[in-house]
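Peer 1: Structure, please.
(3 chains)
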Amino acid sequence: MFSLPALLYLSALLFSVGTYGVLARRNILVVLMSLELMLNAVNIALVSFGRVHALTAFAGEHGGQIFTLMVLAVAAAEAAIGLSLLLVIWRRWNTIDLRQLCRLNG
Amino acid sequence: MIPELPSFNLPVLTLVTLTPAIGALLLSLVDRNNKALLRQGSLMISCLTLLFSLLMVANFDNSVGTMQLEESHSWIESLGINYHLGVDGISILLVLLTCFSMPLVFLSTWKAIDDRVKEFHIALLLLQTGMIGAFVSLDLILFYLFYEAMLIPMYLIIGIWGGRERVYAALKFFIYTMVGSLMMFLAILYLYQHAGTFDLPLLLERLRTTHLLDANQQFWLFSAFTLSFAIKVPLFPFHTWLPDAHVQAPTAGSVVLAGVLLKMGTYGLLRFSIPLFHDAAFNLQPLMCWLAVIGIIFGACMALVQNDIKKLIAYSSVSHLGFVVLACFIPNVETITGAILQMVNHGLSTGMLFLMIGIIYERRHTRELADYGGLAKVIPLFTIFFLIAVLSSIGLPGLNGFIGEFLILYGVFKVFPLWGVLASTGVVLGALYMLNMVKKFLFGPLVHAENRNVADLSPREILYLLPFVVMMVWIGLYPAPLINMVKPTLSLYVEMLKS
Amino acid sequence: MDINLLWIPLLPFLGFLINGMLGNRFGNKFVNAIACGLPILSFAISYAAWSRLISEGTELHWNGFPWIWIEGLVEIPFALHLDGIAAVMCMVITGVGSLIHLYSIGYMKGDPGYHRYFAYLNLFTTFMLILVLGDNLLLMFIGWEGVGLCSYLLIGFWYEEDANCAAGKKAFIMNRVGDFAFLLGIFLCLAHFGSLDMSTLTDATAISALSAETLSVPLLGSVSVISMIVLLLFIGATGKSAQIPLYVWLPDAMAGPTPVSALIHAATMVTSGVYLCCRLMPLFEAAPAILAIIAGIGACTALLAALIAFGQNDIKKVLAYSTVSQLGYMFFAIGVGAFSAAFFHVVTHAFFKALLFLGSGSVIHAMHHEQDMRKMGGLRKQLPFTHLTFLIGTLAIAGVPPLAGFFSKDEILFAGYQQGFLMGVDSAALFWGISFLTAGMTAFYMIRCVALTFWGESRVDSSLEGKVHEPGGWIGFALFMLAVASIVGGFLNVPEFLGGHATLGHFTGLHGSAASHGAAASFSPEDLHAAEWKSMFLSLAVAGSGLLLAYYCYGKGHALRTRFTGSGVGRWLGRLSHRKFYVDEFYATVFVRPFETISHLLFILIDRILIDGILVSGSALLTRGLGNWFRKMQTGFIPGYLLTFGCGVLLLIYMMLSLIQQGGAQ
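Peer 2: Sure, this is the predicted structure:
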C-alpha cells in the first residue's frame, strides 16, 4: 500500500500540527485536542513500524499494535481527567484561556 | 566453686548521651500547662545525666591515653556506618562541662521562660543530647548527625524565645553554621570514598600508615573541616553571627551557646581537622595562628566599644577562644592541656556571666550599659558574684581562667615567642574592657531611679551560681586532677602529630 | 613546735571569709575582733618563725601540693618558703598591717561598708603574704595580681564617685601592663631554667650555665637571656612599684581611704617590686647592663616625683609623690648593687611613710575629709600629737639622724657614691648626683607640707571652727607605735663605720654594694671608711640645706617664696609641677584615646561594614538577586514551559545522536 517513509511523513506532519496547537493556542480545549493529535501521530508511527518490522521487532509480532492500543487507553484516561479539570477550571475562574491562567507567575 | 559474677558492664556513654533525649520524649507526654512538673522534670533528667557522667569519670582510667569506655555497634551496615562512642582526655572534660552546666541552666530558666515551657525544655534536652553525642562519637557520620542535631534546637531557642530581632539572628546563626557543616559533610563523603571508612580511629590509622591523600587533597579536606569549625568557634573573620545570636538568644540559650556550643568548634579542630590532615594543618599554621591572634586582639578591641553587655561578652568570647585556636595550631602538651582547660574555664566564666546578665535582665529588661550604674549599692551580693566571674574571665591568678591562659601562652611562647607576646597582650586588653564594663555597670553614681529597687539575688539564683564559683576556685587552686585526666591522651596526641 | 607557714597567709584569709560572709550580720565589735585579731595572730606566727630562723638558722618550708603540674614539663607547686628577707617582710606586713587595721577601727567608724572594708583589708594581707612567701615566681604572681585586685577594690571603695572607680581601674590596668612583662619574664624563666622555684632562679650554677645564651629580640638585637629576663621582671616591677613610665596610677590611687593608702600604697604593696629584685638578687646581679638601666630609672623617677611633689596642694598627693620618689631611691639602690640598702629602705620607709599617711589621715579625719592644704594651716594647736608624730615622720624621711630614714638613705647614697666615684662608673656618678639632689628636695617639700598643714596662720573653713579635735583611741595608738618605729627603725642596720653590725644586711644575706662582692674588693678599709664619712656629710649637708630653705620659704616669713613665685620662670615651673608635667594628658592623647578611636573605627569598618555589610548581607543580597532574576522564567504560561521542554528534548536528542555518531566513527 503505502511505503514506510510516506507513513512516517504523515506521522511527523500530524505531530507538528499537534505541537503547534499545543504551543500556540490559548484555549485549553484546543490544546487538549492538539495533544490527542500528537498522540495519534505517534500511534501511526507505531503501527507503521509494527507492520514493517513485524518479524524482527523486539516487542514481538504485534508489538506496534499493542502499543497503539495502550496509548489509546492512556489517551482516553488523560482526556477524561483533562476534561474534568477543564470543567473545574471553568467553574472556578470562568475562563479556559491559558494566558489568563498563569497564577504561578513568579 | 564460686560462680564468677557477671561483669557489670553498663554502656555508660550511651546512658549519658541518650538520657536527655529519652527525658525529652517523656516530657512530651506531660500536660503543657503543668509547668512546675515540666521544670522539675527536666531538672531531674539533667541531674540524672550529671550522675551518669560522674559514673563515666569513675570508670575512666587516668593512666591510659587511648579511647576508653568504647561502644561499637554496626548501625547501617551497607554504608559502613557504626554507632561508635568513646571518650579520652580530650573529650571527657567537655562532656563533664556539658553535664555540669545543664542542671544549672534549667534552674535559671524557672522564671525567665513562661511561654511554651514544654517546647523550650524539650528543645534544651535535645540540645544536650546533641552536644554530648558530638563529643563522644567516634564515627564521622554519627558525629555529623549529632553536630547538626544541635543546630535545630538552638535555632528554635533563638528564633522563638529570643529578643526583638530574633529572626534575623536565628537565621544568621543557622545559615552561617549550615554553610560550614555542608562543606564538612562533603569532605566526610570524599574521605569515605578514599579511605573506605567513617570510623575515626580506623581512619586515623589508615591515613597515617598509607599516604592516601596528596597535599592538594589534604588542603581541601582540611579547609572544609576547618571552615565548619572556625565558624562555630568563631574564629575571626567568621565571628559576626555570635554577637547577634547572643544578644537575641534567651539567657539559657546564651549560656549553652557560650558555655558548650562554641567549644564544639575548637573540639572539632583538635579531634578532626588537625590529626586527620596534619600536613595541611602544618602548612596552614601561619595563617591560622595569625587569624587566632588577630581574633584575640580584635575581639578585645570590639568588646571595648560595645554598649550592650551581652554583645561585649560575646566579643570577649571571640578573644578568649582565639587563645584556644592558637593553642590547637601550635600543638605541644602544654598548649593543648591549656586549650582544654581554657575551654572548660571559658564555659564556666562566660556561662556564669551570661546567667548573671540574665538575672539583671529579668529585673530591668535592658542590656544597655548606659541604663545601669551604681548597682553595687543596691545589689551587693550580685556584685560580688559578678566580680568573681569577671575576675575569672580576665584570668586573675588563683582563679580558673589563669591556668588555661598561662599554659597556652607559655607553650606558644616557648615555640613562637612572637605569637606568644602578641597573644599575651590579650590579657591586658581583657582587663581593660572587663573593668570598663564593671565600672559602668555596677559602680559609679546611681543615676537611674528605676535601679533603686532592683532585688538582690534570690536563694534559687545563689543556688545555681554557687557551683560556678566553687568550680572556679577549685580549678584555680588545684587543677591537678583535671590535668592528670587529660595528660596521657595528650602525650599520645602530640606524639602522633609529630610522627 | 612545728610552725606551719600556711597559717601566716591563711589566718587573714579566714578573716576575709568570715567578715565577708557574716560581717553584716554581726556588729562592728565582731568585725573588729576578727579583722584585727587574725592578722595579729599571723604576726605572732611570723615572729615565732623569725626567732626560729635567728636561733636555729633553718629556713622554713611548706611543701604544699602540686599546682600547675604537668609531669616532666611544667612543674609548679603551691609551696611556701621563709628565708631571712621573707621573714622580715612578713613581720613588716603583719606588724604595720595590724597597726593600720587597728587605726582603721577609728578611721572608718560609721562607714556603711565597714565589714566590706575590713574583709578587703584582710584579703590584701593574705595576698601580700603569699607574694612574700611564695616559693616560686608564679605563686608570687598570684600574690602580685591579688594585691593589685585588692588595691583596685579599695581605691574604688567609695564607688559612688566616678573618679574613685576610674582611679581603681587605672591602677589595675597600669599594673596589668607591667604584669604583661612580668608574665613574659616568667615564660622566659620557665623555658630556660626549666623551673620557677626561687632556689633554681637564684642558683649560681644555673645562672652561669645560662649566661652565654642569647635571644634575638626585634629592635634590641641579640640580648642575653638573663638580661631579657631581668629587664622583663623589672618592667613588671615598674608597674607595681610605680616607676617611670608606669607611675601615674599611684597618685590617683589616693582616692581610697587613707589607711589603705598607708598600707597598700606606701608601706607594703608598692615595695613588692623591690622585694622581687632582692629575692632574685643573684639573677639581677648577673645582668649588669640592666642594673644600670634600673639605677637610671630609679634616680629619674625619684627626681621627677620630687619635682611634682613641690606643686601639689592635696596633702595625700604630696605623700603619694614622695612615695614614688622614695621607691625610685630603692630602685636606684638596686641598680648600683646595694640590695641590702634597698631592702633596708623598704623597711624604714614602711615605718615612716605609714606614719606620715596615718598622720595625714588623722588630719583629714579631724577636718571632716578636707585634703587641701590651702584650707589648713595652724593645726599644731588643735592636733598637737598628730603634729608631733607627723614631724617625726617628716624628719625621718628627710634623713635627719638618728631617725630611721637617715641610715637607710645614707646607705643608698653611699652605694651610689662608691660605684660612681670609687669604681669610676660614669652613669652611676650621674645618677648619684640626681639622687643626691633629690635628697635635698625631699626635705624641702616635706617641710613645706608640714608648714602648710600645721604651722602659720589658720586657713581652716569657719564652719569647722572648734570642731577639729585630736582623734584618740586606736588612731593615737597606731601613730605612737609607728613613731617609735620610725625613731628606732634605723638601728636595725647601723653600718660598721658607725660602730654597728649591719644586722639586717647579714640576716637577709643581701649584698651591700656592688663593691662588697666581686670586682672592687680591693679597696682598703681605710679608703672605704673615709669615703663613707664623706658621703654621709654630703647627704647630711644637702638634707640640712633643704630643711633650712623650706623653713625660710614656708615656716618663717614668705619673702623668698613670693620672690620666686613672682618671677616668670617660677610661675611657669610652679604650673608645670602642679600639672604633673602633663604626663597624664600625654598618655591620654597618645595611648588611651587613639586606642579607643581605632577600636571604634575597626568596629564600624570591619565588623559593621566589611563583614556584616558587604560579606554577610552582600551574599544574602546576591542570593536574593539571583533568585529574582531566575524567578522571571517562571511565567506560569504552560505553553511557554512546553516550548522550553521541547527545546530541551531536541537538544538531548541531538547530543545523543552526535554521541552515537562519534561511537560509530571510532
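Peer 1: So which elements touch the longest helix along chain A?
Peer 2: For chain A, the longest helix by residue count, based on DSSP state H, is helix A:63-93. Judged by 3 or more Cβ pairs under 8 Å, 6 or more residues apart in numbering or on different chains; DSSP states H and E, the packing partners of helix A:63-93 are helix A:28-52. Placement of C-beta: from N, CA and C, glycine included.
Peer 1: quick one: residue B:344 and residue B:94 touch, right?
Peer 2: Yes - between residue B:344 and residue B:94 a contact is recorded at 7.3 Å, counting by Cβ atoms under 8 Å.
Peer 1: From the recorded domain assignment, give the ranges for chain C.
Peer 2: What automatic domain parsing lists as the domains of chain C is C:287-574, C:583-665.
Peer 1: ok so, going back, just the buried residues of the longest helix of chain A, please?
Peer 2: Going by neighbour count (16 or more other Cβ atoms under 10 Å in any protein chain shown), the buried part of helix A:63-93 is A:63, A:64, A:65, A:67, A:68, A:71, A:75, A:79, A:82, A:86.
Peer 1: Residue C:62 and residue C:133, how far apart?
Peer 2: Separation of residue C:62 from residue C:133 (Cβ to Cβ, to the nearest Å): 8 Å.
Peer 1: Now for the two: what residues contact both?
Peer 2: Jointly contacting residue C:62 and residue C:133 under the rule Cβ atoms under 8 Å, 6 or more residues apart in numbering or on different chains are C:5, C:80, C:81.
Peer 1: check contacts around the second one.
Peer 2: Pointing back at residue C:80 there. Residue C:80 sits next to C:5, C:6, C:8, C:9, C:61, C:62, C:64, C:130, C:133, C:134, C:135, C:139 when contact means Cβ under 8 Å, 6+ apart.
Peer 1: Repeat that for the first one.
Peer 2: With contact taken as Cβ under 8 Å, 6+ apart, residue C:5 is in contact with C:49, C:60, C:61, C:62, C:80, C:81, C:82, C:133.
Peer 1: and what of the last one?
Peer 2: Contacts here follow Cβ under 8 Å, 6+ apart; on that basis residue C:81 touches C:5, C:59, C:60, C:61, C:62, C:133, C:134, C:135, C:198.
Peer 1: Ranking by neighbours, what's the top pick from the residues you listed?
Peer 2: Within the contacts of residue C:81, most neighbours by other Cβ atoms under 10 Å in any protein chain shown means residue C:133, with 28 neighbours.
Peer 1: Go through the shared contacts of residue C:62 and residue C:133 and name the one nearest residue B:242.
Peer 2: residue C:80 (42.7 Å; Cβ to Cβ).
Peer 1: hmm, back to that, strands - which of the contacts of residue C:5 land there?
Peer 2: C:60, C:61, C:62, C:80, C:81, C:82 (DSSP state E).
Peer 1: Put together JSON lines for the residues you listed, with pLDDT and distance to residue C:650 on each row.
Peer 2: Shown next, in JSON lines, are the ones in strands among the contacts of residue C:5 (pLDDT from 0 to 100; distance: Cβ to Cβ, whole Å):
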{"residue": "C:60", "pLDDT": "87", "distance to residue C:650": "99"}
{"residue": "C:61", "pLDDT": "89", "distance to residue C:650": "95"}
{"residue": "C:62", "pLDDT": "89", "distance to residue C:650": "93"}
{"residue": "C:80", "pLDDT": "92", "distance to residue C:650": "91"}
{"residue": "C:81", "pLDDT": "92", "distance to residue C:650": "93"}
{"residue": "C:82", "pLDDT": "91", "distance to residue C:650": "97"}
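Peer 1: Now tabulate these in JSON lines and tack on distance to residue B:236.
Peer 2: Below are the ones in strands among the contacts of residue C:5 laid out as JSON lines (distance: Cβ to Cβ, whole Å):
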{"residue": "C:60", "distance to residue B:236": "50"}
{"residue": "C:61", "distance to residue B:236": "47"}
{"residue": "C:62", "distance to residue B:236": "45"}
{"residue": "C:80", "distance to residue B:236": "42"}
{"residue": "C:81", "distance to residue B:236": "44"}
{"residue": "C:82", "distance to residue B:236": "47"}
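Peer 1: Pick out the residue in the stretch 1-150 of chain C sitting closest to chain B.
Peer 2: Of the residues in the stretch 1-150 of chain C, the one nearest chain B is residue C:142, at a distance of 4.2 Å by Cβ to the nearest Cβ.
Peer 1: Would you mind giving me the confidence score for residue 58?
Peer 2: As the question left the chain open, I've gone with chain A. Residue A:58 carries a pLDDT value of 66.
Peer 1: you looked at the wrong chain, it should be chain C
Peer 2: On the pLDDT scale, residue C:58 gets 80.
Peer 1: Does it touch residue C:49 like I think?
Peer 2: No - taking contacts as Cβ under 8 Å, residue C:58 lies outside contact range of residue C:49: 10.1 Å.
Peer 1: Distance of the closest residue to residue C:310 other than its chain neighbours relative to chain A?
Peer 2: Nearest in space to residue C:310, with sequence neighbours left out and distances taken as Cβ to Cβ, 6 or more residues apart in numbering or on different chains, is residue C:577 at 4.8 Å. Distance check for residue C:577 against chain A: by Cβ to the nearest Cβ, to the nearest Å, it reads 79 Å.
Peer 1: helix/strand/coil for residue C:577?
Peer 2: helix (DSSP: H, G, I helix; E, B strand; the rest coil).
Peer 1: Which of the contacts of residue C:80 sits closest to residue B:237?
Peer 2: The nearest member of the contacts of residue C:80 to residue B:237, counting by Cβ to Cβ, is residue C:139 at 39.4 Å.
Peer 1: Please work out how many residues are found near that closest one.
Peer 2: By other Cβ under 10 Å, 27 other residues sit near residue C:139.
Peer 1: Tabulate the buried residues of helix A:63-93 (JSON lines), appending pLDDT.
Peer 2: Listed next are the buried residues of helix A:63-93 as JSON lines, based on pLDDT from 0 to 100:
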{"residue": "A:63", "pLDDT": "79"}
{"residue": "A:64", "pLDDT": "82"}
{"residue": "A:65", "pLDDT": "85"}
{"residue": "A:67", "pLDDT": "87"}
{"residue": "A:68", "pLDDT": "91"}
{"residue": "A:71", "pLDDT": "92"}
{"residue": "A:75", "pLDDT": "92"}
{"residue": "A:79", "pLDDT": "91"}
{"residue": "A:82", "pLDDT": "92"}
{"residue": "A:86", "pLDDT": "91"}
